[in-house]
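J.: Give the three-dimensional model of this entry:
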Amino acid sequence: MEIFAGPLEEALKAPAAIWARYSYRRSDTRESFSQVLFRLLDIPEASNEASGNVTIHQILRLMYADQLSPIGTLFKFEQFDPPLLRDTVGRLVFGAYENELYANELLFRERENEFKNVSSELAAISKLVGQTGQILTPSWLEAEHRRIEEERKSIEAQISEVERAVYEAGAKDSLSLESQRQAYTEVQQLQAEISKVAASIDASKFEIADATQFISDLESKLAALNDSSATSDAFGRITFQYCPACYSAVEAEHPAHACHLCKNPFDSERARSRIVSLVNDTSRQLRQSRSLQKERSEERVRLDARLADLTSRWNAASDKLTRSALTPSSEARQSLRVLQRAAGYVDRQLEDLRSKEQLSASLEKLIARKAELNAEMSQLSDRNAAIKLALSRRLNVAYAAVEKEILALLHGDLPREQAFIQATTVQFDFAANKLGVNNESYFSASSRVILRNSFFVGLFAAATKDTSFRHLRLCMLDSIEDKGMQPDRSHNFQRMLVAVSQAALCEHQVIFATSMIAPELNIPNLTVGHSSTLKQPTLNIKTSSQPSL
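T.: I've put the predicted structure just below:
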């Protein structure tokens, strides 16, 4: 579908490059035309794992009564029509659907799976810690770290004393500084890598913060654009009796299509067209920005892990360099072997302690994450319970409103069906795609036509009186005289349909086709075009340069 953000007159003159093309299917980087239309109509995107994404086509199936669909059904017939999809569409049109509920359920399942994984990992680490027979508290780890460091310093001091004694004794053994040079080279290389990764992290932090602010600005802009049309309409109807600046009386008469206060001309349709175009462009930019922000966040996580690994390696290399500088190694000296083995054992203890510190840190993080997940799951569960309660109440209100309108139409029908005359309840089930009166569904063919059309008109009538319905305020009927319908019965239904339209409280459109129109309704302000005949069809596209309707 190609969409032009502007009035029809400008659209017919606009080049193709200005039109925006939207496909039927949606993707991570591109919206479908149903998504665009839903956003402009303020209809939430309904989707779930079983029914998939609800499209504008599915919504229109509850606005159009055709001749080919079975007369005992609610929806226009199509081959693939799962019950859950029909139920979702019905709830959406009734204003009893919130996509937040489905999104929360998906998020709850994700958090629940993560909670199970965290619990399993926490149990495994706790079991491992329990086997050591030690409680890895921060205070114990700190005290143990001090003890090992002091022991290592003591051994290094003894090694220095022995080496000094060897030199003073005039020992001829040569000492090697190769290990010191290697340790120094390794420290330099790691330091350079750490500086590079740290610079990348700083740059990433700046980009993420800047993009976060940009996305927030786009969201605020989109919200403001969505509200601007309603605000413009509201202020367009406000009139002032006195000038707000000097408090003088304002003239009552003013030119058409001009401000009654300053007399400058204005075009609300052009402004609304610009708003639609800005909404589409801003939504597209917001979707792209969020996708890029996700990639930046993932890169930041990778950089943080890389920095932690480099820092750990640098600490080990730095310690090695310090020891090699204080006590040059010499494998030839028998007197230093015992001290060197003791130093190696202490180093091993220190490495083991670092592993325990990492284990303790992981344990603390898992405990905190488990508590965080539990709180989030509880919050999602409470929120979903509140949403379900509100939607249940809304569904009951909408059902009662539609039932009331249908009963009024059935009671206004000509006395042809006893069940319609005595009708007190109407049953309609979107999932089952069934319609009944007083728990009965078998009537004469013509009465079932009246019942089915009454449902479409009743739903339309209720929607024109209640803004909570997500109905398009559009009703198309092509079956009001199907299945042996009598002319006088059809005329009576046509009159009721026109009365419903005249009583509507909002802008709407009703289209019905008939070959036996009620005489008093065959007037120019209600009919469109001429009657269709074999020689003169309604749509004469082949022989006329300008098709007529």
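
J.: in the stretch 101-250 of the chain, which spans are helices?
T.: Across the stretch 101-250 of the chain, reading from the start of the chain, the helices by DSSP state H, counting those that start in this stretch fall at 138-168, 178-236.

J.: so which strand or helix has M476?
T.: Of the helices and strands defined by DSSP states H and E, M476 is found in strand 474-477.

J.: for Q288, same thing?
T.: Here Q288 sits within helix 268-326, counting by DSSP H and E.

J.: Quick check: what element follows that helix along the chain?
T.: For helix 268-326, the following helix or strand on the C-terminal side (DSSP H and E) is helix 337-411.

J.: now that following helix against helix 268-326, angle please.
T.: Per axes from the mean of the first three to the mean of the last three CA atoms, to 10 degrees, the angle that helix 337-411 makes with helix 268-326 is 170 degrees.

J.: Local confidence estimate at the residue nearest the centre of the chain?
T.: Ranked by distance to the mean C-alpha position of the chain (CA atoms, centre = their mean), the top residue is A103 at 7.2 Å. As predicted, A103 sits at a pLDDT of 82.

J.: show me what contacts it?
T.: Residues in contact with A103, defined by CB atoms under 8 Å, 6 or more residues apart in numbering, are absent; none qualify. To be clear about C-beta, it is placed using only N, CA and C from the backbone, and glycine gets the same treatment.

J.: Distance check, L521 against P487.
T.: 13 Å (CB to CB, to the nearest Å).

J.: Please apply the same query to R86.
T.: Distance of R86 to P487, given as CB to CB: 34 Å.

J.: same question, S446
T.: 11 Å.

J.: And these two? Which one has more around it.
T.: Ranked by neighbour count (other CB atoms under 10 Å), S446 and P487 place S446 first, with 19 against 13.

J.: if I pick the residue nearest to I517 when sequence neighbours are not counted, what's in contact with it?
T.: Ranked by CB to CB, 6 or more residues apart in numbering and with sequence neighbours excluded, the top spatial neighbour of I517 is Q494, at 6.8 Å. By CB under 8 Å, 6+ apart, the contact set of Q494 is I480, F512, T514, I517, A518, L521.

J.: Tell me which of the residues you listed fall in strands.
T.: Among the contacts of Q494, DSSP state E puts F512 in strands.

J.: Mind giving me the ChimeraX command for buried ones among the contacts of Q494?
T.: The command below creates a ChimeraX selection of those among the contacts of Q494 that count as buried (16 or more other CB atoms under 10 Å):
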select :480,512,514,517,518
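
J.: would you list the contacts of Q494 in CSV and tack on distance to Q79 and pLDDT?
T.: What follows is the contacts of Q494, written out as CSV (distance: CB to CB, whole Å; pLDDT from 0 to 100):
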residue, distance to Q79, pLDDT
I480, 26, 85
F512, 26, 92
T514, 29, 89
I517, 34, 91
A518, 36, 93
L521, 36, 93
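
J.: which one among the contacts of Q494 gets closest to Y247?
T.: L521 (52.6 Å; CB to CB).

J.: got the contact list for the closest residue to M1 other than its chain neighbours?
T.: Nearest-residue entry for M1: F33, 3.7 Å, with adjacent residues in sequence omitted and distances by CB to CB, 6+ apart. If you count contacts by CB under 8 Å, 6+ apart, F33 has them with M1, I3, Y22, S23, Y24, I56.

J.: Wait, the fourth one touches Q35, no?
T.: Think S23. No. Counting by CB atoms under 8 Å, no contact exists between S23 and Q35, whose distance comes to 10.5 Å.

J.: Y242: neighbour count?
T.: As a burial measure, the neighbour count of Y242 was computed by other CB under 10 Å and equals 10.

J.: scratch that, V498
T.: A count of nearby residues for V498, using other CB under 10 Å, gives 16.

J.: avg pLDDT for the helix or strand it falls within?
T.: With elements taken from DSSP H and E, the one containing V498 is helix 487-503. Averaged across helix 487-503, the pLDDT comes to 94.

J.: buried sites along it?
T.: R489, S490, H491, N492, F493, Q494, M496, L497, V498, V500, S501.

J.: measure the third one to I71 for me?
T.: H491 sits 20 Å away from I71 when distances are taken as CB to CB.

J.: How about the second one?
T.: Applying CB to CB, the value for S490 to I71 is 15 Å.

J.: got it, and the first one?
T.: R489 sits at a distance of 15 Å from I71 (criterion: CB to CB).

J.: and if you look at the last one?
T.: In this structure, S501 and I71 are separated by 23 Å, where distance is defined by CB to CB.

J.: Kindly report the same for the fifth one.
T.: As for F493, its distance to I71 is 14 Å (criterion: CB to CB).

J.: Kindly report the same for the fourth one.
T.: According to CB to CB, N492 and I71 sit 18 Å apart.

J.: same thing with V89?
T.: From V89 over to I71 the distance is 20 Å, taken as CB to CB.

J.: Check I3 too.
T.: Between I3 and I71 the computed distance is 36 Å (CB to CB).

J.: Next: S120.
T.: 57 Å.

J.: Who has more neighbours out of the two?
T.: I71 (20 against 10).

J.: So the more buried one, which state does it fall into?
T.: Here I71 is coil, with the state taken from DSSP: H, G, I helix; E, B strand; the rest coil.

J.: Okay, and the nearest residue to it once chain neighbours are set aside sits in which element?
T.: Once its chain neighbours are removed from consideration, I71 has its nearest residue in R448; the separation is 4.6 Å (CB to CB, 6+ apart). R448 belongs to helix 445-465 when assigned by DSSP H and E.

J.: I'd like to know which elements that helix is packed against.
T.: Other helices and strands packing on helix 445-465, by 3 or more CB pairs under 8 Å, 6 or more residues apart in numbering; DSSP states H and E, are strand 64-65, helix 337-411, helix 418-421, strand 434-437, strand 474-477, helix 487-503.

J.: average pLDDT for the helix or strand following the third one?
T.: Read in the C-terminal direction, the helix or strand following helix 418-421 is strand 426-429, with elements assigned using DSSP H and E. Averaged across strand 426-429, pLDDT comes to 94.

J.: Using PDB, write out the CA atom coordinates for strand 426-429.
T.: Output in PDB follows, covering the C-alpha atoms of strand 426-429 (Å, rounded to 0.1, in the frame of the first residue of the first chain):
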ATOM      1  CA  VAL A 426     -28.700 -11.900  22.100                       C
ATOM      2  CA  GLN A 427     -25.700 -14.300  22.100                       C
ATOM      3  CA  PHE A 428     -22.700 -13.800  19.900                       C
ATOM      4  CA  ASP A 429     -19.400 -15.500  20.300                       C
END
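
J.: For that strand, buried residues please.
T.: Taking 16+ other CB under 10 Å as the criterion, strand 426-429 shows V426, F428 as buried.

J.: Partner strands of that strand and their direction?
T.: Counting by DSSP bridges, the strands paired with strand 426-429 are strand 434-437 (antiparallel).

J.: pLDDT score for A5?
T.: In this prediction, A5 carries a pLDDT score of 86.

J.: and if you look at the one 5 residues further on?
T.: Looking at E10, its pLDDT is 91.

J.: do D173 as well
T.: The model reports D173 with a pLDDT of 48.
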